[in-house]
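Visitor: Got a predicted structure plus its sequence, pasted below:
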Amino acid sequence: MDQHKAAELSRRMMKKQLKLSLSVAAIFISILVGLPLVNLYLPELAKTQVAGFTLTWLILGVLFFPLTWILSSWFVKGTERIDAEIVAEETK
């Protein structure tokens, strides 16, 4: 593989990984920042009872860990897919 083609593949891979990283980070930050904002500006919504918990505690105490795992899994699978695409393009 020539140096120009390798550099182009590397740039495309980094661009795809950046897009994936920013997507996952945006969702995670939205959850982290959004929950306190809901508590501040929509306290009645935050106090809503769901399955014996307030909505705030349901998200913080029950759903936060699974949501983090889901986002992590999405990131890892996306990165593996991007790597596989780049390897497939290299071998053409």
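Guide: Now that the structure is in, tell me what you want to look at.

Visitor: pLDDT below threshold where in the chain?
Guide: Within the chain, the stretches with pLDDT under 70 are 1.

Visitor: Could you rerun that using 80?
Guide: For the chain, applying pLDDT under 80 flags the ranges 1, 90-92.

Visitor: can you tell me which residues contact the residue nearest the centre of it?
Guide: Note on the chain: the residue nearest the mean C-alpha position is residue 24, at 1.9 Å, using C-alpha atoms, centre = their mean. Residue 24 sits next to 71, 74-75, 78 when contact means C-beta atoms under 8 Å, 6 or more residues apart in numbering. C-betas here are computed from N, CA, C, even on glycine.

Visitor: Please repeat the previous calculation with a cut-off of 7 Å.
Guide: 71, 74-75 (C-beta atoms under 7 Å, 6 or more residues apart in numbering).

Visitor: Report the buried members of those residues.
Guide: 71, 75 (16 or more other C-beta atoms under 10 Å).

Visitor: Among the contacts of residue 24, which ones are in helices?
Guide: Residues of the contacts of residue 24 located in helices (DSSP state H): 71, 74-75.

Visitor: now those residues as a markdown table including distance to residue 8?
Guide: What follows is the ones in helices among the contacts of residue 24, written out as a markdown table (distance: C-beta to C-beta, whole Å):
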| residue | distance to residue 8 |
| --- | --- |
| 71 | 30 |
| 74 | 27 |
| 75 | 24 |
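
Visitor: which of the residues you listed lies closest to residue 3?
Guide: Using C-beta to C-beta, residue 75 comes nearest to residue 3 of the ones in helices among the contacts of residue 24, at 30.0 Å.
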